[in-house]
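Asks: take a look and give me a structure for this.
(3 chains)
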Amino acid sequence: MEVIDKWVAEFVIRRQHNPRVSPTNLLSALRFGDSADCLNLKVSSVLRDLSDSLIRGSVDEGTLDLLEILEKLLLQQQRSVITESHKSAYCLTAAECTVRFMWPLSASEGLFTDALERVWTKRIGILKESGSGLVSDELVKWESDLNKAVEDPEVYQRIRESNVRYTAVSFLNQLLKEQWEVLGSSSIESVAQRRLLKRKAESNVEGDGVRNREVPNAVDESTRRLKSDKVDNANERLGAGEGEDGNGDSRDVEGVGCLEGDGIDKVNEQLSADEEGAMGAQEQEHEPCLDKGDEMAARELKDYLLEIQRQIDPSTRQMQEPNNATDHSVDVTPQPSRVNRTRTSRQNHIETPDNASEKGSSSRGTWSGRVRPRLSTPVPLNVTPLRKVDSPGRRPKKFWTPEEVEALREGVKEYGKAWKEIKNANPAVFADRTEVDLKDKWRNLVR
DNA sequence: GTAGGGATATAA
DNA sequence: TTATATCCCTAC
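Replies: You can find the predicted model right below:
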């Protein structure tokens, strides 16, 4: 069952931000060891935490912790070269952790010198002693400039007015994109894709008896690696899309990368493309290696996860709503089998309560071409709420984006605490914010 | 229009 | 239970 445990953990960690699931806690709860075969899982966990931090708009010393942990994990994976995006993300995040305390007009006031000591002298001092690859020339230059800022008001002002946060977020996003691509698709999704491809191939054989011979695609390769890994449990590796040299196949990355793109929808696109051809010869050769029981269990687990997610997780449903303010939202809505849907319905489909219930009703039939495990239909409780929960008069909670925070800081610098003027000066940025929101946020920022 | 306290939701 | 972020209400 250990294999299935890992598949589920990997799948849950890699899916869209879920405030109910902490990747770190999940790994701890499932009590995976520190063996090398769990490294990909741990890397996924750190990337998920980083991604969640960015979704929350957090670029802080917790981000530095995650970047340091990521470096250690990558080194354990024998990836001896730390990428430039990793170095730059760390450098700019460290800078942001200091610059954020530069709001007083001079270095002698506020918490700037405290932050300088905490982040650069202590934290980065330890990094230097350990010979960390995160200590770059850029980092050393920033350290020098920030130390100069303590004595030189001009340097202080120059750094104070720079938009470090934006650059830090850009590098963090770049780092996440690169690392997710290296990890490739999750094990469960790889097996699910392969199963669907196989079914399609079988139907082609039954239909016309002619098979096109085609070079096995990245999905096949992922599955092959997964299956061979299963045979050799001691060396089992997750992240089936990763190549032997750590560089994922480009087609795999683009078509099957499951997180920061369109998730499962991209998987379907990959399937769509592959379905135009037929299964390659190697596909047949590898088939006997995978235990049927595990294969079916993996598929059922995936179905369960998606269904449970859709049925009981309001936060996820909110993520799936169109026009969500969060750019990072990923559509993980289970798509009906291509056999049962048209291209236009897929391309033009917009999630609404009506068609959501329509999907619910279809759960009694087949999904992805097979019988889906039944879940009892949730019955709304007919009780009087003890207190209001998001009453009609209350706006939905909307977290501040880095752009809004930056605009607010700039506004305070220019107009002081004239919230109305700040809002009017940035009508586009603060379109969804009242002047009271600005005041509340500023109160929160200076706490 | 702004400040401050309270209510609510969520994560640790 | 506590801390934090966001939203709401009300006094000035």
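Asks: low-confidence ranges, the stretch 51-200 of chain A, go.
Replies: Low-confidence segments of the stretch 51-200 of chain A, defined by pLDDT under 70: A:55-57, A:79-80, A:103-104, A:109-110.
Asks: what are the ranges of the helices in it?
Replies: With DSSP state H, counting those that start in this stretch as the criterion, the stretch 51-200 of chain A has helices at A:61-76, A:84-99, A:112-115, A:124-130, A:137-151, A:153-160, A:164-183, A:187-208.
Asks: could I get the ones you listed in a markdown table, plus columns for distance to DNA strand B?
Replies: C-beta coordinates here come from the backbone N, C-alpha and C atoms, glycine included. Supplementary listing: the helices of the stretch 51-200 of chain A in a markdown table, determined by distance: least, C-beta to the nearest atom of the strand, whole Å:
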| stretch | distance to DNA strand B |
| --- | --- |
| helix A:61-76 | 9 |
| helix A:84-99 | 18 |
| helix A:112-115 | 21 |
| helix A:124-130 | 22 |
| helix A:137-151 | 27 |
| helix A:153-160 | 22 |
| helix A:164-183 | 17 |
| helix A:187-208 | 23 |
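Asks: between those, which one is nearest to residue A:428?
Replies: Of all those, it is helix A:164-183 that lies closest to residue A:428, at 16.2 Å by C-beta to C-beta.
Asks: tell me the domain ranges of chain A?
Replies: As given by automatic domain parsing, the domain ranges for chain A are A:33-183, A:187-313+A:327-336, A:402-445.
Asks: in space, what's closest to residue A:62 - neighbours in sequence excluded?
Replies: residue A:53 (6.7 Å; C-beta to C-beta, 6 or more residues apart in numbering).
Asks: what's the answer for residue A:81, then?
Replies: Excluding its sequence neighbours, the residue lying closest to residue A:81 (C-beta to C-beta, 6+ apart) is residue A:133, at 7.7 Å.
Asks: and for that neighbour, the neighbour number?
Replies: When counting by other C-beta atoms under 10 Å, one arrives at 17 neighbours for residue A:133.
Asks: hmm, it is touching residue A:90, no?
Replies: No - assessed by C-beta atoms under 8 Å, residue A:133 is found out of contact with residue A:90, at 9.6 Å.
Asks: re the thing from before, residues contacting the residue nearest to residue A:62?
Replies: Contacts for residue A:53 were tallied using C-beta atoms under 8 Å, 6 or more residues apart in numbering; they are A:59-60, A:62-63, A:66.
Asks: over to residue A:163?
Replies: Residue A:163 makes contact with residue A:406 under the criterion C-beta under 8 Å, 6+ apart.
Asks: separation between it and residue A:96?
Replies: Going from residue A:163 to residue A:96 by C-beta to C-beta, to the nearest Å gives 10 Å.
Asks: kindly report the same for residue A:87.
Replies: Distance from residue A:87 to residue A:96, by C-beta to C-beta: 15 Å.
Asks: contacting residues around stretch A:100-117?
Replies: With C-beta under 8 Å, 6+ apart as the test, stretch A:100-117 has contacts from A:97-98, A:146-147, A:149-151, A:153, A:156, A:159-160, A:165, A:409, A:413, A:446.
Asks: mind checking which of these are buried?
Replies: Neighbour counting by 16 or more other C-beta atoms under 10 Å classes A:97-98, A:146, A:149, A:156, A:159-160, A:165, A:409 among the contacts of stretch A:100-117 as buried.
Asks: make a markdown table out of the residues you listed and add distance to residue A:47.
Replies: Formatted as a markdown table, those follow (distance: C-beta to C-beta, whole Å):
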| residue | distance to residue A:47 |
| --- | --- |
| A:97 | 20 |
| A:98 | 25 |
| A:146 | 28 |
| A:149 | 33 |
| A:156 | 35 |
| A:159 | 30 |
| A:160 | 32 |
| A:165 | 20 |
| A:409 | 28 |
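Asks: which of the contacts of stretch A:100-117 come close to DNA strand C?
Replies: Among the contacts of stretch A:100-117, not one lies near DNA strand C by C-beta under 7 Å from any atom of the strand.
Asks: and which of those is nearest DNA strand C?
Replies: Comparing these against DNA strand C with C-beta to the nearest atom of the strand places residue A:446 closest, at 10.1 Å.
Asks: now that closest one: phi and psi?
Replies: Main-chain torsions, residue A:446, degrees, to the nearest 10: phi -90, psi 0.
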